[in-house]
Structures are given as C-alpha cells and as structure tokens.
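In: generate a structure from the sequence data that follows.
(one chain, ligands or ions: 2)
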Amino acid sequence: MEAEVPGSTGHRQFVKASLKNGTRLRLRSPGSSRLIPGWRRGAGVAGAALTLLRNLVGYHVFGRKSLDPLYVVWYVTLRCNLSCAFCDDGTGKKYPQVRYPELGTAEALRLLELIREACRSIYFTGGEPFVRKDFSHLLRRSRELGFWPIFVNTNLSLPEPSEGAVRDADVLIVSLGSTDESQYDRVLQSRSGQTRRVLENLRRCARWQAEGGPRVVVNCVISGSRVEDARSVLGFCREQGLWFSPVAENRGVYVDPQLLAHPEYDRLVEEILAAKKAGQRIYGSPRGLETLLRARFFQCYPTLVPRVYPDGDLFYPCHPLRQKAANILEKGSFRDAWRSGRDRFSPMPPCDNRCHLPCYVNNHQWMEHPLEMVLENFRVARQGGRVVCQADGIQPASCGGSGIVMISD
Ligand code: SF4
Ligand code: SF4
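Out: Ligands and ions are numbered 1, 2, ... in the order given. Model (predicted):
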C-alpha cells in the first residue's frame, strides 16, 4: 500500500523512491506533519507521563518488572568517521573498522514505524548516525510520525551541520572531553583540526538552541588523567549555555576505582554539584548526579530503555548483557519481539554495582524518586530547556558508540 508521504518535495520523492525498493511500507496518513507546533511535544509529554504512571503503579503496586519503554535507543549504524581512543564497539573492535549489517532505507523507515507503534520517543545513536546518507530523511520521518523527543547522539564532526537536519532533532548529544584542541585531536585519533570543528559546530548549535532549536547536551567523560580537561568543558558549556552531562570513566562496566579515589576528581564532582545548585545547565538531578559520579548503588530498570541494533535486532532486557530478544522486522512488531525477550530472559537481572550510565541512573531516579524528578524537570524548563519526561541515554564510552562502556585509555 502506498500513501501520500508528507514533508518537502525532496523528502517525499526520497521516501517514495524507497518504497519501490522492496520492503512494503505501511505509511501513516500525513496528518502528523500537519499538527500545529507544540502538539508533537504535548502528545509526547502526555504519553511519557502516562507510561511513567503505568510503570510506577505496575512496579510498586503490582510488582510488575517488565516495564514499558520510555524511549527506544536505535543504533542506526555502527560505522563511524572517527576512532576515539576511549571508544570501541563493546567487543574491543575500534571504529571505524567495525562492520555490522544495517538496514536499507525502506526497511529503516519500516522499523521506525514499528518502533513508533510501541513508543513515542526515539534516541538515534551509532557509530555516527550522520554517516548514513539517508539519516536526515529518517529524522524528518520521525517527526512526521510524531516521535517526541527525538534524541540524536552525534560527534558533530561534519564540516558544517545542516541546520535543517539538526533542527529535526529535539535534543543533540555531543561528546567532548576537552577544549584543548591539539590534545583532544590525539584522543579523537583523527586528522588535526577535528576538535576545532566540533567546537565551532557546538557554538553554531548553541546559537540555534538560543533561537529555539534543539537542546544541546555535551557528554563529557571524566578520566583520572584528564580531570582538568573536564573542568574546561564545564566552563565551555557555561559560556555557551550548553547542557553539561558528566560521566565517570569506566573500566569494563564499572566506574574506574582509581578515578573514584582521585582527590582531584572528588574536587571536580563537588564543583559540578555546586554549579548545578547555582543554576548552571547540568543534566540530571542532584541525587542522580551523586549516584552517577560517585558510583553509588542503584536499582537498574533496564527495560525502560530498550536497545535496537542496526539490523533491527532488539536486546532484552538490556544491551550490556547482550541478550537478543528477536529481530523486530522479522517479527513484524516491536511488541512481539519484546515478548520473545520477556519469555526467555529476566527483566531485572541481579546486577552488582555497574552500568553507571545516565540513562540507567536517571531512570532509577524516575522509578524511585518521581516527585524529585518532576521538580527537576520544572527547573530544567525554567532554565530554558524543555520538559523532558525521560532522561537522556547518553553512552559514556562514546558520543555514539555501541556503548557497552569500554573505556580503556
Ligand atoms: S545494571 Fe547493566 S547489565 Fe545490569 S540490568 Fe542494568 S543495564 Fe543490564
Ligand atoms: S566516540 Fe563517537 S565519534 Fe568517537 S569513535 Fe566512538 S562513536 Fe565514533
């Protein structure tokens, strides 16, 4: 079946051309793109609030452990144009050598629809999503389908990010470990000038953010050898009005114990918490930041943020355990693939104190301290951000990365 495809002429032609290439698409009516501004967000907030309420009641009252997703993380590709020292694909393989089967445009568009049937929010990551030639079309289509918020985790190393493509996202997550150009170029293991380009692009995105464009979150991995660098990123974010999202460096799936014992790191954590209190745009609630940065124990609720791989494979209950539920396209339904995982694996495995990633820690906050998180979101709104009923799913290992937290430098 072919339906009218909304959007610009170029986009419409592109999606229609994709239709001819095999996989049949069940395109929705074009209504979603015609919604008045604010509707997508309003529906997204309402949907997230309902999901949260269902989960809170389901878990705390009825003991239900397989909770409904707040947003779906889709690794659209594992290809990347950079090869950062602190990042690999989770199996030890460095970018850009990673090869993994990925979907063609038609199947990717189909997958988007299947995800949308189960969830209102989507988080694109990689690799680097923009190395997919059709990524801007996937973004545009996500808006048409009414996803909110749309997160995009990108290294922002493109020569000049297209404003149109960037504006189709609601939140951009960009990795930056230092503002020292020559030093960070070595970390990126790319040709010199790459850090300068990322900084320039961040400044450009900061301007777009100020004009109502996507919120920009700078993901900063703090390592024992680069505490001062993280401080420089904190300052850069303050200066540009960007959101700062700190993450402690991990060894395997655990926060590096040497980092936790580092007095300079301790001082930096205090500074971050003080800056948060003083009103700087820093992601996460104060309690969540303490848990994240001091590696305090938290109960993980992994099914709140399902992970989908580039070929449409769905993990259950989480990506770090590498348990595949099923392929969503083969099942023809996100929910059926989800049920396959739920029938085989435990939704809340007994984990020790691991996976201190913002997505898991913040979702713990939502499940355990919901009122605190609601207040935090009002604070965020007052600070010029938008109310987001779920936390970001930033990977500490990378800006995109397949994110099983393999930071080893
Ligand atoms: S702590 Fe890590 S491995 Fe354990 S359930 Fe959560 S995400 Fe999965
Ligand atoms: S951190 Fe991001 S840009 Fe760097 S190699 Fe990993 S995925 Fe690529």
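
In: which helix in this structure has the most residues?
Out: helix 39-60 (DSSP state H).

In: up against ligand 1, what does this structure have?
Out: Residues of the chain found near ligand 1 (CB under 6 Å from any ligand atom) are 300, 302, 317, 318, 320, 321, 349, 351, 354, 355, 360. For every residue, glycine as well, the C-beta is placed using N, CA and C.

In: emit the PyMOL select command for whichever of these are buried.
Out: A single PyMOL command selects the buried members of those (16 or more other CB atoms under 10 Å):
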select buried, resi 300+302+317+318+320+321+351+354+355+360
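
In: thinking again about what came up before, any idea of the mean pLDDT in the longest helix of the chain?
Out: Helix 39-60 shows a mean pLDDT of 94.

In: let me see the ranges of the strands in the stretch 201-350 of the chain.
Out: Taking DSSP state E, counting those that start in this stretch as the criterion, the stretch 201-350 of the chain carries its strands at 215-222, 243-248, 250-251, 254-255, 307-308, 313-315, 324-327.

In: what helix or strand is residue 123 on?
Out: Using DSSP states H and E, residue 123 sits within strand 122-125.

In: can I get stretch 189-208 as CSV, trimmed to CA atoms?
Out: C-alpha atoms of stretch 189-208 as CSV (Å, rounded to 0.1, in the frame of the first residue of the first chain):
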residue,chain,number,x,y,z
GLN,A,189,42.7,9.9,16.7
SER,A,190,41.7,11.8,13.6
ARG,A,191,43.4,14.4,11.5
SER,A,192,44.3,17.6,13.3
GLY,A,193,41.6,20.3,13.3
GLN,A,194,38.8,17.9,14.2
THR,A,195,38.4,19.3,17.7
ARG,A,196,38.3,22.8,16.4
ARG,A,197,35.5,21.8,14.0
VAL,A,198,33.5,20.2,16.8
LEU,A,199,33.9,23.3,18.9
GLU,A,200,32.8,25.5,16.0
ASN,A,201,29.8,23.3,15.4
LEU,A,202,28.9,23.3,19.0
ARG,A,203,29.0,27.2,19.0
ARG,A,204,26.8,27.1,16.0
CYS,A,205,24.3,24.7,17.6
ALA,A,206,24.4,26.9,20.8
ARG,A,207,23.1,29.8,18.7
TRP,A,208,20.4,27.6,17.2
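
In: for the longest helix of the chain, packing partners?
Out: Contact analysis of helix 39-60 by 3 or more CB pairs under 8 Å, 6 or more residues apart in numbering; DSSP states H and E lists helix 358-368 as its packing neighbours.

In: which stretches of this protein have low pLDDT?
Out: Along the chain, the model assigns pLDDT under 70 to residues 1-37, 90-91, 96, 160-161, 383-409.

In: if we use 50, what do you get?
Out: Regions of the chain meeting the criterion pLDDT under 50 cover residues 1-6, 23, 25, 27-34, 386-409.

In: tell me which strands the strand holding residue 123 pairs with, and in which orientation.
Out: strand 72-75 (parallel), strand 150-154 (parallel) (DSSP bridges).

In: who does residue 243 bridge with?
Out: residue 217.

In: wouldn't it be in contact with residue 220 here?
Out: No: contact criterion CB atoms under 8 Å: residue 243 and residue 220 do not qualify, at 10.6 Å.

In: circling back: now tabulate the strands paired with strand 122-125 in TSV and tack on mean neighbour count.
Out: Output for the strands paired with strand 122-125, formatted as TSV (neighbours: other CB atoms under 10 Å):
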stretch	mean neighbour count
strand 72-75	26
strand 150-154	27
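
In: mind putting those in TSV, distance to ligand 2 included?
Out: Shown next, in TSV, are the strands paired with strand 122-125 (distance: least, CB to the nearest ligand atom, whole Å):
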stretch	distance to ligand 2
strand 72-75	10
strand 150-154	8
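
In: make CSV from those strands and add distance to residue 126 to it.
Out: Formatted as CSV, the strands paired with strand 122-125 follow (distance: least, CB to CB, whole Å):
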stretch, distance to residue 126
strand 72-75, 6
strand 150-154, 7
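
In: what's near enough to touch the closest residue to residue 148 other than its chain neighbours?
Out: Spatially, and ignoring its direct neighbours in sequence, residue 148 is nearest to residue 44 (2.8 Å; CB to CB, 6 or more residues apart in numbering). Residues in contact with residue 44 (CB atoms under 8 Å, 6 or more residues apart in numbering) are 120, 121, 146, 147, 148, 149, 389.

In: closest to residue 108 among the residues you listed?
Out: residue 147 (14.0 Å; CB to CB).

In: okay, now that closest one: neighbour count?
Out: Look at residue 147: counted by other CB atoms under 10 Å, it has 26 neighbours.

In: what's the nearest residue to it once chain neighbours are set aside in contact with, if anything?
Out: The shortest distance from residue 147 to any non-neighbouring residue, by CB to CB, 6+ apart, is to residue 122 (4.8 Å). By CB under 8 Å, 6+ apart, residue 122 lies in contact with 71, 72, 74, 112, 115, 116, 142, 147, 150, 151.

In: where's residue 122 relative to residue 335, distance?
Out: To residue 335, residue 122 is 16 Å away according to CB to CB, to the nearest Å.
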